[in-house]
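Visitor: just to be clear, the model below is a prediction. Sequence and coordinates:
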Amino acid sequence: EVQLVESGGGFVQAGGSLRLSCAASGFTFDDYTIGWFRQTPGKEREGISCTSSSYGSTWYADSVKGRFTISKDNVKNMVYLQMNSLKLEDTAVYYCAAAPLCDPEGFMDYWGKGTLVTVSA
């Protein structure tokens, strides 16, 4: 059974940091790219970062570039999203997703259930 489980969400003040984790199982981790997405009520889901399956390449949305860092541990089947300099507008449910090719538009094969990040003033 494919599983993606996010953790690490919570409450943080603006300017603070959080690290999200995504634990993957049930598929060949090395063959998939992992992406992070987020969504707030009334807004479309936003792709914010992707990491490639093997080559270490990464992609970031302009909204998080320079503040967020994605990393991957192929031994532990984990992907992390380090979020620094958090802003109020970063408040959202964050999802990790997997696909052979990461699609910032959200056409991914597998999804986690999400973890809530709330940034307060």
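Guide: All right, it came through fine.
Visitor: just the terminal-to-terminal distance for stretch 21-33.
Guide: End-to-end distance of stretch 21-33 (Cα to Cα, to the nearest Å): 15 Å.
Visitor: contacts for that stretch?
Guide: 1-8, 34, 36, 50-54, 74, 77-81, 96, 98-102, 109-110, 112 (Cβ atoms under 8 Å, 6 or more residues apart in numbering). Every C-beta, even on glycine, is put in place using the N, C-alpha and C of the backbone.
Visitor: what residue is smack in the middle of the protein?
Guide: In the chain, the centroid-proximal residue (Cα atoms, centre = their mean) is Trp36; its distance is 2.5 Å.
Visitor: and it, how far from Lys43?
Guide: 16 Å (Cβ to Cβ, to the nearest Å).
Visitor: wouldn't Gln39 be in contact with Ala92 here?
Guide: Yes. Gln39 lies in contact with Ala92 (Cβ atoms under 8 Å); the separation is 5.8 Å.
Visitor: more neighbours, those two?
Guide: Applying other Cβ atoms under 10 Å to Gln39 and Ala92 shows that Ala92 carries more neighbours, namely 22 against 15.
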